[in-house]
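Asker: fold the following and give me the result.
(2 chains)
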Amino acid sequence: MDNYEYERYRQRRNYNRRVTHKKRTKNRIIIVSVLLLLLILAIFLITSIFKLIIGAFTGSSSSQETTVVETTIEPTTAPPDMKNAANFTYEKPDIKDDGKSTGQDSGGIYVWDKKGFELFYGTEEMAQRYAELMNKAAESLGKKITTYSMIVPNHTEFGLPERFKSGDDPAVTTLSQLDYVKAGYLAMSKSVVPVNVYNELSKHCNEYIYFNSDHHWTGLGAYYAYKAFAETADLKPISLEDCEEKVVEGFTGTFNNMASVPLATDDVHYWQFPYSVPDEITDSDGNTNEFESCYYDDATGGDYTYSVFLYGDNPLEVIKSSSKAASKEKIAIVHESYGNAFTPYLTYNFSEVYSIDFRSWNGNLKEFCDENGISNVLFLNGVMSSATQVQLDSIERML
Amino acid sequence: MKRCIAIVLAAAVMLFAFAGCSAKEVDLKAVLTEINTKCPDETAGLTELKDTDELYKYYLISPSDVKQFAAEIKTDTSEAPVEIVMVEAKDKSGAGKIKSALTSRFNSIKSTYSSYSPDKLDVIEKCSVTQNENYVFMVVADNYSAVMDVINAAF
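Answerer: Here you go, the predicted structure:
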């Protein structure tokens, strides 16, 4: 072999060695990488299995961190403010019903089961109008006087079964009083304290809380509303068991003048208090007389027996209470005739109760309250009255 | 042929004549003025409702049902109610709704004011809601018959 061929052989031999070396290096890298990946996978699997086994013994999730987590204790939420209408709940009444008897329209009154029912036509727009008036009243009275507002549904809401109001009888075209009351209360400003009497009346709907032959509620119905007011005002209500129950039989109410079908006759129950309640009454002619009690004990059966309460409708009555539970605070209740049965109960909690019938009283309410040291005003309206513009005009004239 | 055409034309003329009779137009504002003139004791101190918005506010009568109206009411609730409301509806259906609305108000007055004094009950019992074609009237007044005489004379 000469030098040239040897040199070529040597170059070829070196080249082959380099190629082979590169291939070996590459293969080694691949093998090592794969082995590393398999090692990592093995470690991961072993760790996971280990954690699962530990989790099964301790009951904790295998995905939880084992590091300590700081927890904070949430502050307890305050109970809902029950003077805020947004927190009001309403329980529909479960009215006793045979499910088959029918009623009829008679003289503008719906009669069922020998009871008369006034149908209601107040809209939510009218409820808002009423609320605006209450807001105006509260603003006029100022912050030093607590202004309450109570809307009282009538017998149709708590005494006429739902099947009639849902379309059983086309003659019953009444609108929802519950919707009306809700809309009214929700539209009142924070300056007005709404009084939700709905649930108390609903609970007792099958008791004698409304008259059969008259558009008013009974003394018992008014008592349940008083309990609701007491709860709203953080007062303890009087118990009827501490009072002496009296009855005047044979009340033939206003519906007898309208309906031409027979209605059940009523009895007027009222409760004499275990303390004195002398009543100074100013009548429509401006004459003032004093009476021993705010109850007209000499009332007899007939058309006007409802006048047992406060001697009927009078512009102004001032009842002074000797109740030991009464605070020195005074209250004015601005009302129409629905307030007559309600007002006497306030004498348990207030030393002086001013009963103002807005339909016949001519005065400025703010000035009157300031002159007499009155720090609480309750506007009490039956639902029909609250939806009657002429009556709202009368209230507005007092402001 | 000519005879037939003449008979048909005559019948058409008679038909239009009768239609004209039943659809008498009465200006209710003028009637109210007449009532104020002839029954001053009844209408003293009453407030006239200005527009259909007020009619809706007091009686829930939809403005869309009203062709014309005239109404005066006593807004002072310390005295016996006096409300004279006269409405002409746009059509029969509207008249029905208006009568229903006024009847509701009338029933409400009756139940509220009849409960305490016999004289108020007597007043209300003589009053009523009446209808003449598309005209509906509610009159609550001490001298109901005097007011209705003026209204009836306009028709």
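
Asker: element containing A:E329, please.
Answerer: Following DSSP states H and E, the helix or strand that holds A:E329 is strand A:327-335.

Asker: which bits of the stretch 151-300 of chain A sit near chain B?
Answerer: Taking Cβ under 8 Å from any Cβ of the partner chain as the criterion, the neighbours of chain B within the stretch 151-300 of chain A are A:D214, A:H215, A:H216, A:G253, A:T254, A:F255, A:N257, A:M258, A:S284. For every residue, glycine as well, the C-beta is placed using N, CA and C.

Asker: for chain A, see how far away the residue nearest the centre of chain B is.
Answerer: Geometric centre of chain B, nearest residue: B:F137, 2.2 Å, by Cα atoms, centre = their mean. Distance, B:F137 to chain A, by Cβ to the nearest Cβ, to the nearest Å: 17 Å.

Asker: surely that residue is in a strand?
Answerer: Yes: counting by DSSP: H, G, I helix; E, B strand; the rest coil, B:F137 is part of a strand.

Asker: quick one: contacts for it?
Answerer: B:V85, B:M86, B:V87, B:V129, B:T130, B:Q131, B:M148, B:I151 (Cβ atoms under 8 Å, 6 or more residues apart in numbering or on different chains).

Asker: one more: A:T174?
Answerer: A:Y110, A:F117, A:L119, A:F120, A:Y121, A:T156, A:L160, A:K165.

Asker: quick check, nearest of the residues you listed to chain B?
Answerer: Chain B lies nearest to A:Y121 out of the contacts of A:T174, by Cβ to the nearest Cβ, at 5.4 Å.

Asker: so which helix or strand takes in the closest one?
Answerer: With DSSP H and E as the test, A:Y121 turns up in no helix or strand.

Asker: name the helix or strand for residue 129, please.
Answerer: I went with chain A, as the question did not name one. Assigned by DSSP H and E, A:R129 falls in helix A:124-141.

Asker: oops, I was thinking of chain B
Answerer: Assigned by DSSP H and E, B:V129 falls in strand B:128-132.

Asker: same deal with A:R163?
Answerer: Going by DSSP H and E, A:R163 is in helix A:162-163.

Asker: how distant is that helix from the center of its chain?
Answerer: Helix A:162-163 sits 22 Å away from the centroid of its parent chain (Cα atoms, centre = their mean, to the nearest Å).

Asker: contacting residues around the residue in chain B positioned nearest to chain A?
Answerer: Using Cβ to the nearest Cβ, the single residue of chain B nearest to chain A is B:N107, 3.5 Å away. Counting by Cβ under 8 Å, 6+ apart, B:N107 makes contact with A:G107, A:G108, A:I109, A:E118, A:M258.

Asker: now, which of these sits nearest chain B?
Answerer: Nearest to chain B among the contacts of B:N107 is A:G108, at 3.5 Å by Cβ to the nearest Cβ.

Asker: hang on, the closest one packs against B:L102?
Answerer: No: counting by Cβ atoms under 8 Å, A:G108 stays clear of B:L102, with 11.3 Å between them.

Asker: which one of these two is surrounded by more residues?
Answerer: B:L102 (23 against 19; other Cβ atoms under 10 Å in any protein chain shown).

Asker: could you measure that one against B:K50, distance?
Answerer: 18 Å (Cβ to Cβ, to the nearest Å).

Asker: ok, now A:E329?
Answerer: Applying Cβ to Cβ to A:E329 and B:K50 gives a distance of 43 Å.

Asker: between the two, which has more neighbouring residues?
Answerer: Legend: neighbour count by other Cβ under 10 Å for A:E329 and B:K50, higher for A:E329 (16 against 9).
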